[in-house]
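> coords please:
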Amino acid sequence: MIGERVCAIKRVGFRLNKDRVFNTPFGRYSFHYLPEELFSLALMPAEKQGYGFRLATAEKALLNTLYKIRGISPTKQGVIDLIYADLRLNQECLQELDWETMADLAPLCISTTIHNFIKWREEL
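Numbers count the residues shown, from 1 in each chain. Okay, the predicted model is just below:
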């Protein structure tokens, strides 16, 4: 959903003591805590080189990212700045998301940032 190459890998788990970030020559690896009740929502099975794993849908990945962001301005401009300037998300990719699924998941995430994001989207 980002229109440029990003050398970062984000992992989310529910049995982590705290968030951790490692900057390496290959890129940035970050491990983030989520409440257990949010962790298993909107995951899809995937496989690579014979190994199975679960991968978040684009909608869940965006909500996970927004869940960890605190202190944005609750104004329309604050959300726009977060989405397009700070996170550098592609507007076309945002339009392709399943907004009904996001609206269903949002109340489960106790997050002012997510609330403001969904409200902004509904006003479009």
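
> Which parts of the protein are helices?
Ranges of helices in the chain, per DSSP state H, are 36-39, 58-67, 76-80, 91-96, 99-105, 112-122.

> among the ones you listed, which is the most enclosed?
Highest mean neighbour count of the helices of the chain: helix 58-67, a mean of 20 (counted as mean count of other CB atoms under 10 Å). Quick note: C-beta positions are derived from backbone N, CA and C, even for glycine.

> any idea of the pLDDT on the residue nearest the centre of the chain?
Residue closest to the average C-alpha location in the chain (CA atoms, centre = their mean): L62, at 2.5 Å. pLDDT, the model's per-residue confidence, is 93 for L62.

> Pull the number of nearby residues for A42.
Neighbour count of A42, defined by other CB atoms under 10 Å: 19.

> can you pull the pLDDT of it?
Reported pLDDT for A42: 87.

> For the residue sitting furthest away from the middle of the chain, give me the pLDDT.
Most distant from the centre of the chain: G50, at 26.5 Å, with distances by CA atoms, centre = their mean. With respect to pLDDT, G50 has a value of 93.

> go on, C7?
Note for C7: predicted pLDDT of 61.

> where does the chain dip in pLDDT?
Applying pLDDT under 70 to the chain flags the ranges 1-8.

> so how far is the first residue of stretch 42-51 from its last?
End-to-end span of stretch 42-51 (CA to CA, to the nearest Å): 20 Å.

> tell me which residues of it are tucked away?
For stretch 42-51, a neighbour-count test (16 or more other CB atoms under 10 Å) marks A42 as buried.

> Show me what it is in contact with.
Outside stretch 42-51, the residues that touch it by CB atoms under 8 Å, 6 or more residues apart in numbering are G52, F53, R54, L55, A56, T57, E59, K60, T101, L105.
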